[in-house]
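Peer 1: Next one to model:
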Amino acid sequence: MTKPLIALLSITISICSCTGKAKDGKTSADEKVISQHNAPDSNRFYGTWVRQDKRGFTLIEINDTSDVLYYQVSERQNDSDTDRSDRYWYYRSKATMGYWSKHSIWIATDKFRFDYNLKGDTLMEFDKMGEQGMFFKVFTDEQKAYKAFNSAMLNGVITFVNKVGPSEYFVLNNLTNEFSFTSIPDAQTGNKLFTDLAETEDSVIKARYSDTLILIKRQSGESYKFGFVRLNGYF
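Peer 2: Numbering: from 1, shown residues only. The predicted structure follows:
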């Protein structure tokens, strides 16, 4: 729970001493220009971040600097005197993001501004008093599957292939993982998907983090290159 929002729950907001300062209180430092030498890798910040404690959670979804969503749910402090229908306090706001440095950002909601440092795989909220809470990046099942596929080096023979909805699944003879992705048809493949052409005993080749998957047909030796839907900003 961030200090400004705790203050809000208590109806005693202390704007000057908290990270979540009112947006009107921005100083010239808020307009700080990041030099090209110190330009951040935005992909490291993009994604969904969660902080949870015994009273509730905060979720931040960063899709772009101008496309941020901020959510917080908290059990009210005096819940013993509160009607159960009003037991939880909920805050949701569209927000924007900016950079202090390669490892530091600010997020401005419709009421507050918060500051964060990136430390490894965690986002640490901070203010004048020091560190105030730790956020962890979380992934949907689809994002986890894409992460495994995107980072894999593939060079093997197909032993299983299938399609369920937009997702295409395959297994190779030399790896234990089942991989899934969504191919993009184009003229070179006759506007066909990977699963329209792939069969068991065909071969697949893909380098780590490559944007292309190659299918080689066993009988004809023909090869087809497939692009695929990428979840940019997460990996």
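
Peer 1: Find the helix or strand that Asn150 is a member of.
Peer 2: Assigned by DSSP states H and E, Asn150 falls within helix 141-151.

Peer 1: Quick one: the helices in this protein, in order.
Peer 2: Using DSSP state H, the helices found in the chain span residues 3-9, 141-151, 194-197.

Peer 1: In the chain, where is pLDDT below threshold?
Peer 2: 1-42, 78-85, 232-235 (pLDDT under 70).

Peer 1: most centrally placed residue in it?
Peer 2: For the chain, the residue nearest the mean C-alpha position is Gly47 (1.7 Å; CA atoms, centre = their mean).

Peer 1: Pretty sure it sits against Asp64.
Peer 2: No - between Gly47 and Asp64 there is no contact, the gap being 11.5 Å when judged by CB atoms under 8 Å. C-beta here means a position set from N, CA and C on the backbone, and glycine is covered the same way.

Peer 1: And whichever strand in the chain runs longest, what's buried?
Peer 2: In the chain, with assignment by DSSP state E, the single longest strand is strand 88-101. Within strand 88-101, the residues scored as buried using 16 or more other CB atoms under 10 Å are 89, 91, 95, 97-100.

Peer 1: ok, now stretch 193-205?
Peer 2: Buried residues in stretch 193-205 (16+ other CB under 10 Å): 193-195, 197-198, 202-205.

Peer 1: Over to stretch 160-168?
Peer 2: The neighbour-count check on stretch 160-168 (16+ other CB under 10 Å) flags 161, 163, 168 as buried.

Peer 1: burial count for Phe179?
Peer 2: Residue neighbour count, defined by other CB atoms under 10 Å, stands at 20 for Phe179.

Peer 1: Chain neighbours aside, what residue packs nearest to it?
Peer 2: Phe149 (4.8 Å; CB to CB, 6 or more residues apart in numbering).

Peer 1: To what extent is the one you found buried, counted in neighbours?
Peer 2: 19.

Peer 1: Test my guess that it contacts Ser180.
Peer 2: Yes - Phe149 is within contact range of Ser180, at 6.5 Å (criterion: CB under 8 Å).

Peer 1: Tell me the spacing between Ile107 and Lys137.
Peer 2: 15 Å (CB to CB, to the nearest Å).

Peer 1: So for these two, which residue has more residues nearby?
Peer 2: Ile107 (24 against 18).

Peer 1: what sits against that one?
Peer 2: For Ile107, the contact set (CB atoms under 8 Å, 6 or more residues apart in numbering) comprises 60, 62, 68, 70, 95-97, 113-114, 116.

Peer 1: Setting aside sequence neighbours, what's the nearest residue to Asp131?
Peer 2: Just so we're on the same page, residue 131 is Glu rather than Asp. Glu131 sits nearest to Met124 (CB to CB, 6+ apart), 5.3 Å away.
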